[in-house]
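Q: just coords:
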């Protein structure tokens, strides 16, 4: 189902897509990465995989992709859009426990929003490839804000991710303690593509991601008896 999300009087509206299976027991507010919008093939595929696990998704555009611009909006605009999308999910699916996050930039902007102010109704954050550093420029400064995030966080990271060296993202998750769960996808790059010689295909990787999100989200729902589906 296509819908519109009101961001603010100044920023106007952005588009969204709700995919809710009949047996939905949770909803994931899913933001896109820097270089592609909500209709990117990976986001469509992971949304469909999650639907088969009973998890609804609300994908949405940031204002720059809505306008057909390549350069991302300033962080404040991106974070305002995250908040608007979370509020929309609560409005259209008030019966479903809610997690939020996204692919690369979308996930990082969701955690930045949560670090500045709580995201009402959000039980946890899910990162599909947290962009810890630029390619060939290893560092951890992009994760500094995570210390201020009080929510549980699930990091889904490939071993070939050029934007998050495995030892560095492992160290970040270790620093965050029990709030952070790291799920490593063997052989996957930042887009979760795997080499042919790995013996795995795209469908198998998507299933692994969806199952990891399902199991982690289910654990949050069980820990919140009042929010059980």
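A: Ah, there it is. Since we're looking at a predicted model, the values are computed, not measured.
Q: can you give me the helices in this structure?
A: Taking DSSP state H as the test, the helices found in the chain are 41-52, 63-66, 75-92, 105-116, 166-176, 202-223.
Q: residues in contact with stretch 203-211?
A: The contact list for stretch 203-211 (Cβ atoms under 8 Å, 6 or more residues apart in numbering) reads 45-46, 49-50, 52-53, 55, 128, 156, 185, 188, 192-194. Just so you know, the C-beta spots here come from the backbone N, C-alpha and C atoms, and that holds for glycine as well.
Q: of those, closest to residue 90?
A: For these, the closest approach to residue 90 (Cβ to Cβ) belongs to residue 55, at 15.9 Å.
Q: tell me, what's the model's pLDDT at the residue nearest to the closest one when sequence neighbours are not counted?
A: Leaving aside its sequence neighbours, residue 55 sits nearest to residue 26 (Cβ to Cβ, 6 or more residues apart in numbering; 5.1 Å). In this model, residue 26 is scored at 98, pLDDT.
Q: how much space separates residue 26 from residue 139?
A: Between residue 26 and residue 139 the computed distance is 33 Å (Cβ to Cβ, to the nearest Å).
Q: who has more neighbours, those two?
A: Using other Cβ atoms under 10 Å as the criterion, residue 26 and residue 139 rank with residue 26 on top: 24 against 11.
Q: what sits against that one?
A: 54, 55, 56, 96, 97, 98, 99, 217, 218, 221, 229.
Q: 10 Å - rerun?
A: For residue 26, the contact set (Cβ atoms under 10 Å, 6 or more residues apart in numbering) comprises 50, 53-57, 93, 96-99, 123, 213-214, 217-218, 220-221, 227, 229.
Q: closest one to residue 175 out of the contacts of stretch 203-211, please.
A: residue 156 (18.2 Å).
Q: quick check, that closest one in contact with residue 190.
A: No - in this structure residue 156 lies outside contact range of residue 190 using Cβ atoms under 10 Å: 11.1 Å.
Q: that older thread, scan the contacts of stretch 203-211 and report the most crowded one.
A: residue 55 (29 neighbours).
Q: how far away is that one from residue 213?
A: The gap separating residue 55 from residue 213 is 7 Å, by Cβ to Cβ.
Q: and the gap between the spatially most distant residue from the centre of the chain and residue 129?
A: Relative to the centre of the chain, the most outlying C-alpha is that of residue 197, 28.2 Å out, by Cα atoms, centre = their mean. For residue 197, the distance to residue 129 (Cβ to Cβ) stands at 21 Å.
Q: please identify every residue contacting each of residue 156 and residue 190.
A: With Cβ under 10 Å, 6+ apart as the test, residue 156 and residue 190 both reach 103, 128, 129, 130.
Q: give the contact list for the first one.
A: Residue 103 makes contacts with 30-36, 38, 40, 42-43, 46, 59, 127-131, 156, 190-192, as judged by Cβ under 10 Å, 6+ apart.
Q: got it, and the second one?
A: Residue 128 makes contact with 28, 30-31, 33, 42-43, 46, 101-104, 106-107, 154-157, 190-192, 209, 213 under the criterion Cβ under 10 Å, 6+ apart.
Q: surely residue 76 is in contact with residue 116?
A: Yes - the criterion here is Cβ under 10 Å, and residue 76 meets it with residue 116 at 9.4 Å.
Q: now residue 196: how far from residue 202?
A: 11 Å.
Q: please apply the same query to residue 105.
A: Residue 105 is 22 Å from residue 202, by Cβ to Cβ.
Q: now do the contacts for the closest residue to residue 33 other than its chain neighbours.
A: Nearest residue to residue 33 in three dimensions, chain neighbours excluded: residue 104, at 3.7 Å (Cβ to Cβ, 6+ apart). Residue 104 makes contacts with 31-36, 127-131, 161, 163-164, 190-191, as judged by Cβ under 10 Å, 6+ apart.
Q: thank you kindly, that will do.
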